[in-house]
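Trainee: below is the sequence, then the predicted model.
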Amino acid sequence: MKTNQVVLHLQTVSPELNNDSTKLISLLALAAGAIAMPQTGSADIIYTDLGGSPATVGYGAGSAEYQVNIPGTATFKFVRREGSGQTGLGDLTFRYRSVIAGDFGPVTMPPVKLHGLASPSGFAAPLNFGQAWNQGLNLFYKVVVGTASDLGPSPTPSTSYDHKYLAFQFGDSTIGGVPTRFGWVEMGLTVNNYPTGPLVTIYRYGWDNTGLQPTMGQTLVPEPSAAAIVALGAMALGARGVRSWRQKRDVASVE
């Protein structure tokens, strides 16, 4: 009786081949690091967490102002304001209390700009956690976070919110060329009728130090995956380097 036999042709792989494989991965990683490493420093999100003692700005229980700590000469503040004005209908005089946020530095310095709504013009546009920095909104030097007047019982906006985000940008004058940096502020708004007016709570804020636009609430710069590092390394090493390694591998396998 004949039996069918499957003959396995075993191929001996030399130790040198395994060593070459390890060396290739290391070489690719080193090549990737050479092209991916920032030339002016490491990428990072610089952020401040106020923890269990958030800042508040407003009348009643709030402070007069809070300054966001950013580098350079730009001055970013949340400030409470009160005053009076006149309507266009019958020239009625009204009084108001507001909290505004934005640039309070010298006009010659790199300004702070914040995302705001086109209608009502100049009001803050709060975003949700994880949203992209640029939502196609308008940029203002100052935005109104909330306001209330004695003309009526409805403040603007009409509802409170909490743990929302305000996107901002500024020019970092500590670096040559004054590059633009992009960031976020996590905040809440409690609406109150006049004369109390709005109360703004600031929980934390941060910005990317490389000029990238972070998502709302982002605190870490994503690290490249291992596959991405190898792919970058192959690009940096070039087809000629990879082909040379393959030739050495083929010789080692034959021996």
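Mentor: Received the coordinates, thanks. Numbering: from 1, shown residues only.
Trainee: going by C-alpha atoms from here, please, whenever you check contacts or count neighbours.
Mentor: Fine.
Trainee: quick one: mean pLDDT over the helix or strand hosting M187.
Mentor: Using DSSP states H and E, M187 sits in strand 180-190. Averaged over strand 180-190, pLDDT sits at 98.
Trainee: now stretch 194-205
Mentor: 97.
Trainee: next, the distance between the ends of that stretch.
Mentor: This stretch, stretch 194-205, spans 29 Å end to end (CA to CA, to the nearest Å).
Trainee: ok, residues contacting it?
Mentor: Residues from elsewhere that reach stretch 194-205 (CA atoms under 8 Å, 6 or more residues apart in numbering): 47-51, 54-62, 68, 96-99, 145-150, 153, 155, 163, 183-192, 217.
Trainee: rerun that using 7 Å as the cut-off
Mentor: 47-51, 54-60, 62, 97-99, 146-150, 184-192 (CA atoms under 7 Å, 6 or more residues apart in numbering).
Trainee: identify the bridge partners of the nearest residue to M187 once chain neighbours are set aside.
Mentor: Using CA to CA, 6 or more residues apart in numbering and skipping residues adjacent in sequence, the residue nearest M187 is I202, 4.5 Å away. The partner list for I202 in beta bridges (DSSP bridges) reads A55, M187.
Trainee: one more: the one 4 residues further on?
Mentor: Listed by DSSP bridges, the beta-bridge partners for G206 are Y47, W184.
Trainee: tell me, how many residues neighbour it?
Mentor: Using other CA atoms under 10 Å, G206 is surrounded by 25 other residues.
Trainee: verify the contact between it and W184 for me.
Mentor: Yes - judged on CA atoms under 7 Å, G206 makes contact with W184 at a distance of 5.6 Å.
Trainee: which residues does P214 contact?
Mentor: W133, F182, G183, D208.
Trainee: make it 8 Å
Mentor: A132, W133, F182, G183, W184, W207, D208.
Trainee: now P153
Mentor: P153 neighbours (CA under 8 Å, 6+ apart): N193, Y194.
Trainee: tell me the spacing between it and T180.
Mentor: Counting by CA to CA - P153 and T180 are separated by 41 Å.
Trainee: for F94, give me the pLDDT.
Mentor: For F94, the predicted pLDDT is 89.
Trainee: could you do F170 as well?
Mentor: Note on F170: pLDDT of 96.
Trainee: quick one on the thing from earlier: any idea how far the residue nearest to M187 lies from S119?
Mentor: From I202 over to S119 the distance is 24 Å, taken as CA to CA.
Trainee: the two: who's more crowded?
Mentor: In this view I202 and S119 are compared by other CA under 10 Å, and I202 has more residues nearby, 24 against 7.
Trainee: who does the residue lying closest to G122 once chain neighbours are set aside bridge with?
Mentor: Of all residues not flanking G122 in the chain, V143 sits nearest, at 4.9 Å (CA to CA, 6+ apart). Beta-bridge pairing for V143 (DSSP bridges): A101.
Trainee: ok, V143 - contacts?
Mentor: Neighbour list for V143: I100, A101, G102, L114, H115, G116, G122, F123, A124 [criterion: CA under 8 Å, 6+ apart].
Trainee: quick one: contacts for the last one?
Mentor: By that I understand A124. Going by CA under 8 Å, 6+ apart, A124 touches L114, H115, G116, L117, V143, V144, V145, L166.
Trainee: once you drop chain neighbours, what's closest to it?
Mentor: For A124, ignoring the flanking residues on the chain, the nearest one in space by CA to CA, 6+ apart is G116 at 4.5 Å.
Trainee: report the next helix or strand after the helix or strand the one you found falls within in sequence order.
Mentor: Using DSSP H and E, G116 sits within strand 113-117. Heading C-terminal from strand 113-117, the first helix or strand you meet, by DSSP H and E, is strand 123-124.
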